[in-house]
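Peer 1: Next input, structure requested:
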Amino acid sequence: MKFSISLTSGTDKPISATEIQTFAKNTEALGFHGIYVTDHFYHNNPNFHSISAAAVLCAATKRLQIGFSAYQVPLRHPIVTAKEIAMLDALSGGRLVAAFATGSYKKEFEALGIPFNQRGKMLDEGILAIRQLWENDIASFSGAFWSFENVSVVPKPVQKPQMPIWIASWSGGGRPAARVAEFGDGWQASGLHTPIEQLSTGWSHILAACELIKRDPATIKRAYVNTIVHFGSSPESAWNDFVNQSEKNSERRRELCLMGNEEHICARIDELQEAGMEEISFLLGVGEADKASMLAAEVMPKF
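Peer 2: From the prediction side, this is the model:
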């Protein structure tokens, strides 16, 4: 089991590059596998501007895998995405993972004037266009949502033969399963929305989708991201303390949160491992370095 952090701001106050850098260096020293930045322009919970934060992470670290949990492709033109991701791959020295999502916050789409009910098709088309831009010196594309002619995005991603793309989804059924099989080097399941008991079912849908296109599912990695964790003497006391920290915390789905002492939390991670997850990414704010240290000292060594 690999352990990483899904990093969010955790506060409405401005956060300096120095604060992000300090958190990242501490995370790397503790032995985590990676840091993934949450991605929203507008949400009811505080968030970074993901690209800016990811650039700081690239400069602050040497070993950590850098990425997103997850980057909402429908909110940008494919040329913008191709340029941003390629640049971050260069800044990180080839340590970036492009984790792409449809997006889920309807109000954000409405505010930006983007059709929420078309976001799945926009993600599919966006990935095709982005790959054209990464793989060709001069690229042209004609689609239902975006079209362009004779566009060059340079430099190209550092990683060869191609930039790894992960697909994020709440479940693995239907079109999300087919999307993972068609495009994904990995599947990011949501620790905010996907119950552990649904992971095996979701993976079975991905297996079926792989069979249809004759793809080896062993080439697809699996991670459980944006996972809320909070320590306490018991799951009940941990939850009460978590809710008391912020009114918004009470809106979280308690059954998805990893709560309690290290034994309680490790038991839930065991369940995730049994469900096929190879990596778990804990949702932490930049001010929660103490929680990262507790995870590294009390949970990670047991795996």
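Peer 1: Backbone dihedrals for residue 37, please?
Peer 2: Taking degrees, to the nearest 10, you get phi -100, psi 130 for the backbone angles of residue 37.
Peer 1: Provide the count of other residues in contact range of the residue lying closest to it once chain neighbours are set aside.
Peer 2: What sits nearest to residue 37 in space, not counting adjacent residues and going by C-beta to C-beta, 6 or more residues apart in numbering, is residue 50, at 4.5 Å. Where you see a C-beta, it was placed from the backbone N, CA and C, and this is true even at glycine. If you count neighbours by other C-beta atoms under 10 Å, residue 50 ends up with 23.
Peer 1: contacting residues around the residue nearest to residue 170 when sequence neighbours are not counted?
Peer 2: Nearest residue to residue 170, sequence neighbours excluded (C-beta to C-beta, 6+ apart): residue 193, at 4.3 Å. By C-beta atoms under 8 Å, 6 or more residues apart in numbering, residue 193 lies in contact with 104, 170, 253, 256.
Peer 1: Where does residue 193 fall, secondary structure wise?
Peer 2: Using DSSP states H and E, residue 193 sits in no helix or strand.
Peer 1: Could you check how far it is from residue 186?
Peer 2: Going from residue 193 to residue 186 by C-beta to C-beta, to the nearest Å gives 18 Å.
Peer 1: Next: residue 173.
Peer 2: Taken as C-beta to C-beta, the span from residue 173 to residue 186 is 17 Å.
Peer 1: pLDDT at the residue nearest to residue 170, what is it?
Peer 2: With respect to pLDDT, residue 193 has a value of 94.
Peer 1: give me phi/psi at it?
Peer 2: Per-residue torsions, residue 193: phi -140, psi -20 (degrees, to the nearest 10).
Peer 1: can you give me the strands in the chain?
Peer 2: Counting by DSSP state E, the chain has strands at residues 2-8, 34-37, 65-68, 71-72, 96-101, 139-142, 147-151, 165-169, 186-190, 221-227, 229-231, 258-260, 279-285.
Peer 1: Of residue 173 and residue 186, give the one with the bigger neighbour count.
Peer 2: A direct count of neighbours by other C-beta under 10 Å for residue 173 and residue 186 places residue 186 higher, at 20 against 17.
Peer 1: tell me the contacts of the nearest residue to residue 22 once chain neighbours are set aside?
Peer 2: Setting aside the residues directly before and after it, residue 22 is nearest to residue 289 in space (C-beta to C-beta, 6+ apart), at 7.7 Å. By C-beta under 8 Å, 6+ apart, the contact list for residue 289 reads 22, 23, 26.
Peer 1: Right, I'll call it a day here.
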